[in-house]
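1. Kindly return the folded structure for what I paste below:
(one chain, ligands or ions: 1)
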Amino acid sequence: MTSLRTIRGYAFDLDGTIWAGPHLLPGAAELVEDLRRAGLAVVFASNSSRHGSERLARELTRLGIAAGPREVVAAFDLTAAEVLERVGPVPLLAIGTDELAGSLAFVGHEPLPLDRWGEARAVVVGNDPMFDFDRLRAASRAVAAGAAFFAVNLDARYPVADGFDPGCGALAEAVATASRTRPIVVGKPHPRLFETAVSRLGCPPAQAAMIGDSQASDIVGGKAAGMFTIWVAPHADVPAVVEPDLAVAGLPELHDLWRDANGRAGSAGLSA
Ligand SMILES: [Mg+2]
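-> Have a look, this model is predicted:
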């Protein structure tokens, strides 16, 4: 049976699990360092729709967790390929950051200005800090006219240092409501991101853990992918809608459980 003793690879969600806004959450750097020192594989599996793996890896490194782009799997990075596979290289509306439009253009799509929504063959919605009525109107008209509709993720909220911003899902749902069309979702809980993370970990799914704060994204998707699921739930009043394999209040608690399961000394201070 899978337990913290038999897991060979750990996939960590980023927003709300490793960091919140510009700060690492307590215990994140220490846990990742200990897992790596024990020879276990670590990747970061993020629903990020604002930035891709290169930028996320740089940010992790800057905050104290050294990482390269191959160790970060972001829904952002999978989006351009998903659009390409389903509809080919097309003129499209990119509702999101300039970085998102750039990644779509990089693989051959043609991001259009809003006033050319009638030519769009696809609409891609990411988290867009500049989202407004004009963007909502252009995107929903294009989708209603037959453009394929993609959402990088459907997360309702985007955790930031002082609370939350509306997530990519909040914006995509506005387009879905106005166009009366459901989006194709690229990120968690859909399988592609988990499959990519597990293949980077280099172990079977049953020996891989998915650690995250979102039941709907991390736990539902991790279970479906056959992974061991660990729900980071700092607020005990949030009921579990799906049963994770393990629930912890934060990464320090997970670190303690991992040390206990692997028979390691509690803290470096004890052996001094
Ligand atoms: Mg999260």
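2. hey, let's count contacts and neighbours off CA atoms from now on
-> Will do.
3. Quick check: which ranges of this structure have low pLDDT?
-> Residues of the chain that meet the criterion pLDDT under 70 lie in 1, 236-240, 264-272.
4. for the ion, what are the nearby residues on it?
-> 15-16, 213 (CA under 5 Å from the ion).
5. Which one (most neighbours) among the residues you listed?
-> Neighbour counts for these peak at Asp213, which has 24 neighbours (criterion: other CA atoms under 10 Å).
6. Disregarding flanking residues, what is the spatial nearest neighbour of it?
-> For Asp213, ignoring the flanking residues on the chain, the nearest one in space by CA to CA, 6 or more residues apart in numbering is Val232 at 4.7 Å.
7. number of nearby residues for that neighbour?
-> So Val232, with other CA under 10 Å, has 25 neighbours.
8. Name the residues of stretch 217-232 that are buried.
-> 217-223, 225-232 (16 or more other CA atoms under 10 Å).
9. no, scratch that, I was asking about stretch 81-97
-> Buried, per 16+ other CA under 10 Å, within stretch 81-97: 81-83, 88-97.
10. Tabulate those residues (TSV), appending secondary structure.
-> Shown next, in TSV, are the buried residues of stretch 81-97 (DSSP: H, G, I helix; E, B strand; the rest coil):
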residue	secondary structure
Ala81	helix
Glu82	helix
Val83	helix
Gly88	coil
Pro89	coil
Val90	coil
Pro91	strand
Leu92	strand
Leu93	strand
Ala94	strand
Ile95	strand
Gly96	coil
Thr97	coil
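11. farthest-separated two in these?
-> Gly88 and Thr97 (21.6 Å; CA to CA).
12. Distance of the nearest residue to Glu82 once chain neighbours are set aside relative to the ion?
-> Leaving aside its sequence neighbours, Glu82 sits nearest to Val186 (CA to CA, 6+ apart; 7.2 Å). The gap separating Val186 from the ion is 15 Å, by CA to the ion, to the nearest Å.
13. can you count the residues close to the closest residue to Ala28 other than its chain neighbours?
-> Computed as CA to CA, 6+ apart, the closest residue to Ala28 that is not its neighbour in sequence is Ile18, at 5.6 Å. Per other CA under 10 Å, the neighbour tally for Ile18 reads 24.
14. quick revisit: nearest to Pro22 among the residues of the chain next to the ion?
-> For these, the nearest to Pro22 is Asp15 (10.2 Å; CA to CA).
15. Now do the contacts for the closest one.
-> The contact partners of Asp15, by CA atoms under 8 Å, 6 or more residues apart in numbering, come to 21, 46, 158-159.
16. List the ones among those residues that fall in strands.
-> 46, 158-159 (DSSP state E).
17. could I get the residues you listed as CSV with neighbour count and distance to Asn127?
-> What follows is those, written out as CSV (neighbours: other CA atoms under 10 Å; distance: CA to CA, whole Å):
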residue, neighbour count, distance to Asn127
Ser46, 29, 13
Tyr158, 20, 9
Pro159, 18, 12
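18. circling back: will you turn the residues of the chain next to the ion into JSON lines that also has secondary structure?
-> JSON lines is the format used below for the residues of the chain next to the ion (three-state DSSP):
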{"residue": "Asp15", "secondary structure": "strand"}
{"residue": "Gly16", "secondary structure": "coil"}
{"residue": "Asp213", "secondary structure": "coil"}
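19. circling back to that earlier point, ok, now which ones touch the residue nearest to Asp213?
-> 17, 211-214, 247-251.
20. Angles on the backbone of it, please.
-> phi -90, psi 110 (degrees, to the nearest 10).
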